[in-house]
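Peer 1: requesting a structural model of the entry that follows:
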Amino acid sequence: MGTKSKIYFLKSIIFLAGILGLQFISLSAELIELNRVVAKVNERVVTWGEIENAMTLLNFTESEKNDRANEFVDGKIDRFLSITAFNEKGMKIPTSYIEQEYNKRLIREFNGDRKLFRDTLRSKGLSQLEYRKEIEEEIIYSHMLSTRRRLKEEISPEKVESNYKKKLKKFKTEEKSQLREIAFSQIAGEPETVLLQQAHKVLKDIKNGQKFEDAALKNGQSPFREKSGDWGVMVSEREIRSDEIRKQAFLLKKNEVSKPFIVNILERKPDGSVGNSNKIAVYILKALDRTQSGHKPLDEVRTQIERELAAEIEANSHRKWLNRLKRDAYVRVTLPE
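Peer 2: Numbers count the residues shown, from 1 in each chain. As a prediction, this is how the structure comes out:
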């Protein structure tokens, strides 16, 4: 090999070494970042890689990762503290229980396909042993949460009643009406006088003894015609879009029938808004039932209030318990900038 060739060869080696060196430095920096300890709980550590991996599995954007990293670190700390408290009590989860949960997940999440299961674990950088450990810790954490739950006797009838009075607005009920309708629409651009004549003729038959439901079944173009004009549900004023129908509906007493009245038909516009269609229809309404506005009685909402109070008590109790554990433990958090 000539002198020039040797020089060229040496330069090439140096150049390649430089590139490989830069790649190694970049890879090393990435590994250092992933292995950075972001929290320490007694002897347990939480790395940035663990937190980032958990958020990546949930398809978080980089912005969401930055915003919610603290939340995930706090979750890890709570979990470690709960597991420490469990171990200090000398308790253990039976191996058979962990195996049962392991097999349930294999069937539920992977349809029993062990190869797919192993491939998925490998893609997450987990061994089957590590996955079993995760299951064990989840079981322990759930157990420790459940043991912190307060008993129902803490929620006294007096407390339920007090909460009901305090949140009375929440249990307000609106005035509602259940309606039947007969509607005469413009099929070939008929003037309103023609529609009104048809409606008055039907109203006369009703006054002469024909049942409203029979008249609704035989006349008009209502979308509820096959159901004898019955809307099928109780509705409040705010649930009726048409101004004219809303006004007439809530003037009627139970079993009262309205006079024929003109309604401007609404339609959905290309931009998604609802507006006037420049068409009309003539309606006759009957109020099948009416309920006045007021408040749901306590007995009707008692179970709901008890559930809400139980959730509040449980959340407060759990937070106080974890705060006590944190006071007795060594906890340090250092998230990356």
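Peer 1: would you map the strands across this protein?
Peer 2: With strands called from DSSP state E, the chain shows them at 37-41, 44-47, 172-173, 176-185, 230-236, 261-268, 274-291, 294-295, 331-333.
Peer 1: what distance separates the opening and closing residues of stretch 292-300?
Peer 2: Start-to-end span of stretch 292-300 (CA to CA, to the nearest Å) is 17 Å.
Peer 1: quick one: that stretch to chain centroid distance?
Peer 2: 27 Å (CA atoms, centre = their mean, to the nearest Å).
Peer 1: surely E256 touches D289?
Peer 2: No: counting by CB atoms under 8 Å, E256 stays clear of D289, with 11.3 Å between them. All C-beta spots, glycine's among them, are computed from the backbone N, C-alpha and C.
Peer 1: so M234 touches Q178, yeah?
Peer 2: Yes: at 4.9 Å, M234 counts as touching Q178 under the criterion of CB under 8 Å.
Peer 1: between those two, what contacts are shared?
Peer 2: D289 (CB atoms under 8 Å, 6 or more residues apart in numbering).
Peer 1: just for the stretch 201-337 of the chain, where's the confidence low?
Peer 2: Scanning the stretch 201-337 of the chain for pLDDT under 70 picks out the ranges 317-318, 321, 325-326, 328-337.
Peer 1: now the helices for it?
Peer 2: Ranges of helices in the stretch 201-337 of the chain, per DSSP state H, counting those that start in this stretch, are 212-218, 243-249, 298-328.
Peer 1: among the ones you listed, which is nearest K279?
Peer 2: helix 243-249 (13.3 Å; CB to CB).
Peer 1: any chance you could list what contacts that closest one?
Peer 2: 177, 179, 235, 237, 240, 258, 261-264, 283, 285, 287.
Peer 1: just the CA trace of it, in CSV.
Peer 2: Only the C-alpha atoms of helix 243-249 are listed here, as CSV (Å, rounded to 0.1, in the frame of the first residue of the first chain):
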residue,chain,number,x,y,z
ASP,A,243,-91.5,28.3,19.6
GLU,A,244,-95.1,27.8,18.5
ILE,A,245,-95.4,24.2,19.8
ARG,A,246,-93.6,25.1,23.1
LYS,A,247,-96.1,27.9,23.8
GLN,A,248,-99.2,25.9,23.0
ALA,A,249,-98.0,22.7,24.8
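Peer 1: tell me which residues of that helix come out buried.
Peer 2: Counting neighbours by 16 or more other CB atoms under 10 Å, one finds that the buried residues in helix 243-249 are 245-246, 248-249.
Peer 1: repeat for stretch 51-61
Peer 2: 51-52, 55, 60.
Peer 1: for that stretch, give me every contacting residue.
Peer 2: Stretch 51-61 is contacted from outside by 34, 38, 64-65, 68-69, 72-73, 76, 124-125, using CB under 8 Å, 6+ apart.
Peer 1: next one: stretch 124-133
Peer 2: With CB under 8 Å, 6+ apart, stretch 124-133 has contacts from 53, 57, 98, 102, 118, 121, 134.
Peer 1: run the last query once more with 7 Å
Peer 2: 98, 102, 121 (CB atoms under 7 Å, 6 or more residues apart in numbering).
Peer 1: the residues you listed into a markdown table, with extra columns for neighbour count?
Peer 2: Below are these laid out as a markdown table (neighbours: other CB atoms under 10 Å):
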| residue | neighbour count |
| --- | --- |
| I98 | 16 |
| Y102 | 15 |
| L121 | 14 |
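Peer 1: which one of the contacts of stretch 51-61 sits in the busiest neighbourhood?
Peer 2: V38 (22 neighbours; other CB atoms under 10 Å).
Peer 1: the closest residue to G229 other than its chain neighbours and Y102, how far apart?
Peer 2: Nearest residue to G229 in three dimensions, chain neighbours excluded: A216, at 3.1 Å (CB to CB, 6 or more residues apart in numbering). According to CB to CB, to the nearest Å, A216 and Y102 sit 62 Å apart.
Peer 1: repeat for A315
Peer 2: Distance from A315 to Y102, by CB to CB: 30 Å.
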